[in-house]
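Asker: Dropping the sequence and predicted coords here.
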Amino acid sequence: MYWERKNYYYPDLPKGYQITQNPPEECVGNGGYIDVERDDGSTFRVTIDNLHLEEDAAQLTHLYDTSTINYNRAGNPLFELVTDPVIHSADDAVAFLETMRSIYQYCGVSEADSKKGHLRCDVNVSISEDENTKGTKVEIKNVCSFSSVHDAIIYEVKRQSQLKDEGRYDEEVRQQTRRWDDETGTTIAMRDKVDAEDYKYFVEPNIPKVKLTEEFIKKVQESIPELPKERKTKYIEKLGLSAYDANILIKEKKVSDYFEECLKLGVEAKTAANWITGQILGFIYKYDKNIDEIYLTPERLSKITENVKSGKISSKQAKDLFFLVLEREEEPEKIMKDEGMEQISDDGAIKAIIQEVLDENPSQIEQYKAGKTNMFDYFVGQTMKKTRGQANPSLVRDILTELLK
Amino acid sequence: MMDKTIIELHELLKEGKTTSDELVKESIKKSHEIQEKCNAFETILDDAKGKEVTDDLLSGIPFGIKDNYSTKGILSTGSSNTLKDYVPFFTATAIENLIKHGCVPVNKTCMDEFGMGGTGTTGHTGVQKNPWDTTRQCAGSSSGSAAAVAAGVYPFATGSDTGDSIRKPAAFCGIVGYKPTYGMISRYGLFAFASSLDHCGVLARTVEDAAIAVDAMKGKDPKDMTTWDSSSINLYKDLNSDVKGKKLFYIKELVDKSNYKNLPKETEEHLDNFMKTLEVAKELGMQVDEVSIDQKLLNAIASVYVVLSCAEATSNMSNLTGFSFGPRGEGETFQEIMKDHRTKGFSSLIKRRFVIGSYVLQTVNQERYFKNAQRARRLIVDAIKEQFKKYDGMILPVGIGPAKKLVSDEMVTDDELTALDEHLQIGNFGGFPSITIPDGFVSNLPVGVNITGNCYNDQTVLNIAYALQEKMSYKNQIAKEVK
Amino acid sequence: MGKYFVTIGLEMHCEGSLTNSKVFSPAKNEYNKLPNCNVSPISTSC
């Protein structure tokens, strides 16, 4: 394995050259494939042309009349994975990218967080009559999110298709570089590939060739952790989760780790899965946070679920508690105390309140006895109202049934 | 005192007959004198103070640093206007290593701009003059270091050698110039010229001093991936002048007078003098053979060097844009700003090299020029390595004679003499350890001989040079101005 | 995706954000809100 210099001048490239690998000779890897699973369970194979290691450039920010350069990112390792042109839909493209992102995360290679600018894609799109004919390849550069990749492909296919329908394909669709513009939702031409810059590649003299021994490769292979696919299988087959839930849980390593931490703390798999896929992910998407940043750690969640399990609070109360914990950033048990959230599970106390309700509603008792069975729910409702929702609902029903006999 | 060797000075310091402060002061005073005479210095560190004297041979001893080494807090220009105000915030590893041994930097020496030149006339502060004859050049690019050491400013100075830039100035100035095996001394902090050809090294007046200095400079450095572990090598300690039985070869095509049609008189004398040196080698018990190397390979040396060094230099110097350091250029777009900084900052000689470098690296031209030059380099190195299977060293005269005049058409070497003038580049192509020592006089000016060995055989090369030095009478000579 | 056969190739760049240092320089690699802190002489110049 060795590296080359890609020489060009740009303010975000401090050395005036980027140290990179020029496929195919010296790259980290050539050939290979990844099998990708779609949402509907079917799979497709993406063959890989090469994977190479290079360094990132600095970050340019363009302001009104100046630009600023932040060199923090300059020199960071950048993994570039180039696929063969074997993907045939925008959905598949995104599925592939999600799969790769997962693998990077799970292997501890990268957080692969688009919010932090870790991910960039160049998308090559072409259309043709059928799978045996080739179209003209158009490159869309620097697309920074997977949803943009999806939109860019859809737009570009539409653009090219329209030109083809109008018979203008040959003259208008050239092998060129375009960029995706989020604001307008269109791709815009940058420059024709014909005038491509001459990068004057030559071998980097300051970095001696690196020999990757069989032993080293084997060690690395053995160190690959449980990948998302394996975790998903485990969640479905061993923990009994639905494929839908399992998919959501493994999508981000941090989410999966959070889930597995909950299991370690004794939370039941289905319970944890419901909380995460429901309330927690909803919260973090809304407030644009990462699951490992929120106050509600697996530890604190386990406190909430324990209290529901033991009957101390109802599930409705648990939902309220969830939001209060996040809002106030206080321990669940403290909030439960402050809000007097402890469920009333004392038979005597409940009985007394139900009796109150019955005493206050004699005509409704008459109606119930006359056959209007939905009055039962009315009594339950009134009881819950009197206890501000804190009575243990199943106990209320049991005792009410008794009293109404 | 500054005309003494490191060892002599160390003894005097240990015996209390002088102090480091005194030496430093004397060196600074001499620096100003020589600056007047030779224009050898970019910066003189008038505030330099003596250091503690320990058992370390180098402790307390003044020395000079070529201005393409980064020195923290001290102006480092590479003799270029693009860096005329550049003060680094870090020090080159090789220099740090020297300072760890207790020696005292007293000045930064002038050079050909960024090392790209072999005359000592292209630096941004002007021409360096030879202390033996100020109408003559010192050769380059370590011109300032060579002049200073020859003039007795201090016992040694650091230099760099990409195509002979230590070893030829040493010859023209009558001193020792040593370039060890590639990767023995870290290049971290040395302004890169051509990374696969650049070597760090030293100018001194004796082989022992050169060994002591390189012992201190060398070492594997995580910041330079091309360095290797030389911790088991002790060049000075293992210096041994017993070279009986060692085998040397010289290249017939370069040294045979009948190979030349128009041999200048001085070159003829120079070659005759070389033959005398070979006799000295034989007297020491060494076997000296004449070997033939394909003339085509020899004739390719200079072109290979130009193509490879210009190409790598063009890439290495791409960072000089004036954005994050150096004087900012003027303009509306970033291209204009960059262009302005580079147009104003680089000399026309450097620009010429960039044009060559860009041209040979262009995709359409690379195969024919750059890649072919790399192949030719390999062929040349292989041919010499083939000889190193049988021989301990290659011995050759340095250049075509003594120091050339500053203003003359002697600047353009006759085609047939080019190989003789440029063979030292073989040492850069192969990363071979290579040392020049003075071996006589032609027209009352010093000339030198060069010994080059196979990679990692630094000790052998030094020993041979040491043995020759002891037998000849040019050891530790100080420049005496020739009228 | 419509009536035509679509062919897509992807070049995915992923930054190795979890390494301790940059790839060819000893500067630190950690998420830093302040600009130009994770630098060494190499990152910004030569």
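Answerer: Done, it's in.
Asker: Using the three-state scheme, assign residue B:441.
Answerer: strand (DSSP: H, G, I helix; E, B strand; the rest coil).
Asker: Which residues of chain C lie near chain A?
Answerer: C:1-19, C:22-25, C:27, C:29, C:31-32, C:35-39, C:42-46 (CB under 8 Å from any CB of the partner chain). Yep, even glycine has a C-beta here, placed from its N, CA and C like the rest.
Asker: Which among these count as buried?
Answerer: C:1, C:4-19, C:22-25, C:27, C:29, C:35-36, C:38-39, C:42-46 (16 or more other CB atoms under 10 Å in any protein chain shown).
Asker: quick revisit: among the residues of chain C next to chain A, which are located in strands?
Answerer: Within the residues of chain C next to chain A, residues falling in strands by DSSP state E are C:5-15.
Asker: which stretches of chain C have low pLDDT?
Answerer: C:1, C:42-46 (pLDDT under 70).
Asker: At the geometric centre of it, which residue do we find?
Answerer: Note on chain C: the residue nearest the mean C-alpha position is residue C:15, at 3.7 Å, using CA atoms, centre = their mean.
Asker: Can you name the residues bridging to it?
Answerer: The partner list for residue C:15 in beta bridges (DSSP bridges) reads residue A:78.
Asker: quick one: contacts for it?
Answerer: A:56, A:73, A:76-79, A:110, A:117-119 (CB atoms under 8 Å, 6 or more residues apart in numbering or on different chains).
Asker: Save the residues you listed as JSON lines, and put in neighbour count and pLDDT too.
Answerer: Below are those laid out as JSON lines (neighbours: other CB atoms under 10 Å in any protein chain shown; pLDDT from 0 to 100):
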{"residue": "A:56", "neighbour count": "23", "pLDDT": "92"}
{"residue": "A:73", "neighbour count": "25", "pLDDT": "88"}
{"residue": "A:76", "neighbour count": "24", "pLDDT": "92"}
{"residue": "A:77", "neighbour count": "21", "pLDDT": "94"}
{"residue": "A:78", "neighbour count": "22", "pLDDT": "94"}
{"residue": "A:79", "neighbour count": "19", "pLDDT": "94"}
{"residue": "A:110", "neighbour count": "23", "pLDDT": "91"}
{"residue": "A:117", "neighbour count": "14", "pLDDT": "84"}
{"residue": "A:118", "neighbour count": "25", "pLDDT": "90"}
{"residue": "A:119", "neighbour count": "24", "pLDDT": "93"}
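Asker: Make TSV out of the residues you listed and add distance to residue B:7.
Answerer: Converted to TSV, the contacts of residue C:15 look like this (distance: CB to CB, whole Å):
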residue	distance to residue B:7
A:56	51
A:73	51
A:76	49
A:77	49
A:78	52
A:79	55
A:110	56
A:117	59
A:118	58
A:119	62
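Asker: Which member of those residues is positioned nearest residue B:288?
Answerer: Checking the contacts of residue C:15 against residue B:288 with CB to CB, the nearest one is residue A:77 at 53.3 Å.
Asker: Distance check, the closest one against chain C.
Answerer: Note on residue A:77: its distance to chain C, by CB to the nearest CB, to the nearest Å, is 4 Å.
Asker: Pull the contacting residues for that residue.
Answerer: A:53-56, C:15-16, C:19, C:22-23, C:29.
Asker: which of those lies closest to residue B:117?
Answerer: Of all the contacts of residue A:77, residue B:117 sits closest to residue A:55, with 31.8 Å by CB to CB.
Asker: neighbours of that closest one, just the number please.
Answerer: 21 (other CB atoms under 10 Å in any protein chain shown).
Asker: Same question for residue B:163.
Answerer: Neighbours of residue B:163 (other CB under 10 Å): 28.
Asker: What sits closest to it if chain neighbours are left out?
Answerer: The shortest distance from residue B:163 to any non-neighbouring residue, by CB to CB, 6 or more residues apart in numbering or on different chains, is to residue B:425 (4.8 Å).
Asker: Identify, from the ones in strands among the residues of chain C next to chain A, the entry nearest to residue B:22.
Answerer: For these, the residue nearest residue B:22 by CB to CB is residue C:15; the value is 56.9 Å.
Asker: State the distance from the closest one to chain B.
Answerer: 22 Å.
Asker: Next, the contact list for residue B:296, please.
Answerer: So residue B:296 contacts nothing (CB under 8 Å, 6+ apart).
Asker: Quick check: phi and psi on residue A:60?
Answerer: Backbone geometry at residue A:60, expressed as degrees, to the nearest 10, gives phi -100, psi 130.
Asker: mind listing what the closest residue in space to it that isn't next to it in sequence touches?
Answerer: Closest residue in space to residue A:60, ignoring its immediate chain neighbours: residue A:12 at 4.8 Å, by CB to CB, 6+ apart. By CB under 8 Å, 6+ apart, residue A:12 lies in contact with A:57-60, A:69, A:74.
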